[in-house]
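Trainee: Everything below, folded, please.
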Amino acid sequence: MILAACHDNPPTPAKATPQREAISVKTTPVVMASWDRSVSIVGTLYPKDSATIAAEVDGLVQQTTVEFGDRVTAGQTLAVIDSSTYKADLQRELGNLARAEASLTNARQNLKRSKGLEKTGAVAVSELDLATAQSALSEAEVKAMNASVGMSELNIARSTIKAPFDGAISQRIASQGDYVKIGTPMFNVVNDKVLKFIFEVPEKHASFVKKELTISFGVDNYPGEVFTGSVYLISPQVNTATRAFNVGALVQNPDLRLKASTFARGELVLERGVPTAVVPQDSVISYAGVTKVFVIENGVAHGRIVRTGRARDGLQEILEGLKDGESVVVSGQSRLVDEAPVSIQTGVAEKNPKP
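Mentor: Got it, this is the predicted structure:
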């Protein structure tokens, strides 16, 4: 018994670690597609030109010739204000002008006569000075009367309210019979044949935004239809609350299908044909706020967190997390865990997603 206790127990053989079964998957490489770099935009379509037409003279509105929604052309009569008072003023000023011109003619004759007598010494210097001053005073009175006549004529012209540009009446404020004073609003006119799309762009894109860049957008009343415009206004200041800056694009609207003040959404193209990493949308997994793909390296699957961008035609833009040429799983990833061995299905070739 003592001799048996002195011998060591024989070692127990170690159990072999079972090999995990490889999971069959399909893969495809990350490719660089030529996509335009763009940013989503949301904004409002404003008329390029808008104006509130106000009365330029005091008086009773005798007539209005347009209603809201009517199309107008530059110079078209919109309303007429009673001008009888201004016409009477014009007649009075014309009479005053005629009297002033007669006085000027007489003063000039006296001055000419005095200068002739001066050569013979038959007139005193003081009389010559008086004749010269009277002639100059008469000339000043004629100029003043001409100005008064011009003002009366201007008041008569201003009694007819005219459209400042081609457009449409968006609001008629004054009516026939209203008494208006200078500055009283009468009409709102908008030029809706050319609209300006005002939207905000995040400040991180400021260096890419330039005039004449193309925008495309849609509106709710024409679902699925795309309209276009070009950038022509760029704000020099960033809004500190939104960290974005305003951009304006001109939109031609010759057929008047788009209405002013309409809400619109679309995209601004910053660069054309930018190399963009893309993978099939089926390869991207989103769960619990985490977006990832499975990358195959040496026959083993590795979960890779990625940051995605735009989706287009079944492809997903990858902003961060993948490199060109890496193989990602497009089928069978629902059974994968990190570090799982995989086997690519026999006969399934890796194909580049179509850019």
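Trainee: tell me the pLDDT at the nearest residue to residue 114 once chain neighbours are set aside?
Mentor: Leaving aside its sequence neighbours, residue 114 sits nearest to residue 131 (CB to CB, 6 or more residues apart in numbering; 4.3 Å). C-betas here are computed from N, CA, C, even on glycine. Looking at residue 131, its pLDDT reads 78.
Trainee: ok now do residue 131, which residues does it touch?
Mentor: Contacts here follow CB atoms under 8 Å, 6 or more residues apart in numbering; on that basis residue 131 touches 107, 110, 111, 113, 114.
Trainee: pLDDT of the helix or strand in which the third one is found, averaged?
Mentor: Using DSSP states H and E, the secondary-structure element containing residue 111 is helix 84-120. Helix 84-120 shows a mean pLDDT of 84 in the predicted model.
Trainee: number of nearby residues for the residue nearest to residue 63 when sequence neighbours are not counted?
Mentor: Among residues not flanking residue 63 along the chain, residue 80 sits closest, at 4.5 Å (CB to CB, 6+ apart). Burial of residue 80 is recorded as 17 neighbouring residues (other CB atoms under 10 Å).
Trainee: Quickly list what residue 80 is bridged to.
Mentor: For residue 80, the beta-bridge assignment (DSSP bridges) gives partners residue 63, residue 160.
Trainee: Identify the residue nearest the residue most central in space within the chain in space, chain neighbours excluded?
Mentor: Centroid check for the chain by CA atoms, centre = their mean gives residue 248 as the closest residue, at 2.2 Å. Ranked by CB to CB, 6+ apart and with sequence neighbours excluded, the top spatial neighbour of residue 248 is residue 233, at 3.2 Å.
Trainee: who does the helix or strand hosting that neighbour pair up with?
Mentor: Per DSSP H and E: residue 233 is located in strand 227-234. Strand pairing for strand 227-234, using DSSP bridges, gives strand 214-219 (antiparallel), strand 244-252 (antiparallel).
Trainee: got the buried residues for the shortest one?
Mentor: Buried positions in strand 214-219, judged by neighbour count with 16 or more other CB atoms under 10 Å: 214, 215, 217, 219.
Trainee: got it, and the last one?
Mentor: Judged by neighbour count using 16+ other CB under 10 Å, the buried positions of strand 244-252 are 244, 245, 246, 247, 248, 249, 250, 251.
Trainee: List the contacts of it.
Mentor: 41, 45, 48, 193-203, 206, 209, 215, 227-239, 258, 268.
Trainee: and what of the shortest one?
Mentor: Outside of strand 214-219, the residues that reach it under the criterion CB under 8 Å, 6+ apart are 41, 45, 197, 224-231, 249, 258, 262-269.
Trainee: Alpha carbons only: can I get it in PDB?
Mentor: Extracted as PDB, the C-alpha positions of strand 214-219 are listed here (Å, rounded to 0.1, in the frame of the first residue of the first chain):
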ATOM      1  CA  THR A 214     -28.000  73.100 -59.600                       C
ATOM      2  CA  ILE A 215     -30.900  72.300 -57.200                       C
ATOM      3  CA  SER A 216     -33.700  69.900 -57.800                       C
ATOM      4  CA  PHE A 217     -36.900  69.800 -55.700                       C
ATOM      5  CA  GLY A 218     -40.500  68.600 -55.500                       C
ATOM      6  CA  VAL A 219     -43.700  70.100 -54.100                       C
END
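Trainee: State the mean pLDDT of that strand.
Mentor: On average, strand 214-219 scores 94.
Trainee: returning to that earlier point: surely the residue nearest to residue 114 is in a strand?
Mentor: No: using DSSP: H, G, I helix; E, B strand; the rest coil, the assignment for residue 131 is helix, not a strand.
Trainee: What distance do you get for it to residue 295?
Mentor: Going from residue 131 to residue 295 by CB to CB, to the nearest Å gives 108 Å.
Trainee: ok, and for the one helix or strand residue 25 maps to, which residues are buried?
Mentor: Element membership for residue 25, per DSSP H and E: strand 23-29. Within strand 23-29, the residues that count as buried by 16+ other CB under 10 Å are 23, 25, 26, 27, 28, 29.
Trainee: check contacts around the residue nearest to the second one when sequence neighbours are not counted.
Mentor: If the residues on either side of it in the chain are set aside, residue 25 comes closest to residue 332, at 3.7 Å by CB to CB, 6+ apart. For residue 332, the contacting residues are 23, 24, 25, 26, 342, by CB under 8 Å, 6+ apart.
Trainee: Of the contacts of strand 214-219, just the buried ones, PyMOL syntax please.
Mentor: Filtering these down to the buried ones (16+ other CB under 10 Å) takes a single PyMOL command:
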select buried, resi 41+45+197+227+229+231+249+258+264+266+267+268
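Trainee: what residues does the strand holding residue 233 touch?
Mentor: In contact with strand 227-234 (CB under 8 Å, 6+ apart) are residues 195-198, 209-219, 245-252, 258, 264, 266, 268.
Trainee: average pLDDT across it?
Mentor: pLDDT averaged over strand 227-234 gives 95.
Trainee: Going by distance to residue 289, which of the buried residues of strand 244-252 wins?
Mentor: The shortest gap between residue 289 and any of the buried residues of strand 244-252 belongs to residue 244, at 25.0 Å (CB to CB).
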